[in-house]
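> any chance you could fold what I've pasted below:
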Amino acid sequence: MMQRLFFRLLRAYVWAALHVFYRHIRVSGTEKIPAGAVLFTANHQNAFMDALLMVCSSGRYTHFLARADIFKNRWARALLQLINLIPIYRLRDGWQSLAQNRETFELCTSILAKQEPVVIFPEGNHGSARRLRPLSKGFTRVAFETLRGYPALPLYIVPVGVNYTAPQYARSAVHVIYGAPLLANPFFEMGETRGAHELREALSAALKKLITHVPEHQEAVAATLAQQPVDYLEPEKINAWIANPELPLPLAKPSRDPIGTLWRVLLFPVILLWRPWDARIKDRVFVASLKFAFAWGVVTLVMGALALVGLFALLTWR
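Coordinates of the predicted model:
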């Protein structure tokens, strides 16, 4: 009970911070999210920010899978588990580590059996390209193992498209789109091999409609988009243009950001502290996540210190 209360309070605090970090957050399709057991499955373009946006916008008490290497420190592991992160091991973590995924899948099954949601990124890793990469079999394994143990449980796969105007930058904009849920049970009944293939195909098709999807080997299309002030918050219209260039390409309207200017002034010391760290980030997909975590951590520490000073002054005042 206390963990759920802590999770909800922390989620509200992070949601408020995300509205400072981003100039505009649009969320669509939450009315499509079913009750009960749900696997939220999203594209993965912006590291940890993708998960935060889904956890905060879905309205559900959510668990989510994250790369196992961030759990190495025992203190970090305790904190991450407190906020419902579950480690998933990859081949790069070593063959022996993959065996630990058995525990991870069993935990996901128990969570879904309690009709609580799990967030998973079916592409298996993150990437900056504006396209959906081939889906791995991890999400079908979680779904089918759950249904193997609880065949009468309705299990829904909800596709989620996370669309950024500029993924690495603060005060950019993002549109989180929840698509129509796919009921996993009929796919499970097809048999494991065929059902998993059909489910991957169905989810892939659904996700490609919720994000800007530039097919591979279409460099000319990607180049055209890169040269235009495209409104990436409108993936449906962009995809329609990719299919038929005779259609108008949605362009972003120039906008001022006076609130962003105010925040930059207020957080100028934090920005100065951050700059030396920015150049050290080799994988640029992590820039926004680390930038947000750094600013959020520094501001939280400062606010906590001021609160303690204020409390001390109040208690000692006569």
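
> only C-alpha atoms for contact and neighbour calcs from this point on.
Noted.

> low-confidence regions, the stretch 1-150 of the chain specifically.
76, 90-98 (pLDDT under 70).

> show me the strands in it, by range?
24-28, 37-42, 63-67, 85-88, 118-120 (DSSP state E, counting those that start in this stretch).

> for this protein, which strand is longest?
strand 155-164 (DSSP state E).

> give me the neighbour count for the nearest residue to residue 65 once chain neighbours are set aside.
With CA to CA, 6 or more residues apart in numbering as the criterion, residue 65 has its nearest non-adjacent residue at 4.7 Å, and that residue is residue 86. Residues within reach of residue 86, counting by other CA atoms under 10 Å, total 24.

> same check on residue 300?
12.

> list the contacts of it.
The contact partners of residue 300, taken as CA atoms under 8 Å, 6 or more residues apart in numbering, number zero.

> how about the longest helix along the chain: buried residues?
Assignment by DSSP state H gives helix 287-316 as the longest helix of the chain. Buried residues in helix 287-316, counted by 16 or more other CA atoms under 10 Å: 287, 288, 289, 290, 291, 292, 294, 295, 296.

> relative to residue 79, which of the strands of the stretch 1-150 of the chain is closest?
Counting by CA to CA, residue 79 lies closest to strand 85-88 out of the strands of the stretch 1-150 of the chain; the figure is 8.9 Å.

> what's that closest one packed up against?
When contacts are defined as 3 or more CA pairs under 8 Å, 6 or more residues apart in numbering; DSSP states H and E, strand 85-88 sits against strand 63-67, helix 101-113.

> circling back: I'd like the average pLDDT over the longest helix of the chain.
The average pLDDT within helix 287-316 is 91.

> can you list contacts of stretch 222-232?
In contact with stretch 222-232 (CA under 8 Å, 6+ apart) are residues 163, 164, 165, 212, 214, 238, 249, 250, 251, 252, 253.

> again, but for stretch 27-41
With CA under 8 Å, 6+ apart, stretch 27-41 has contacts from 57-58, 112-122, 139, 143, 153-160, 175-181.
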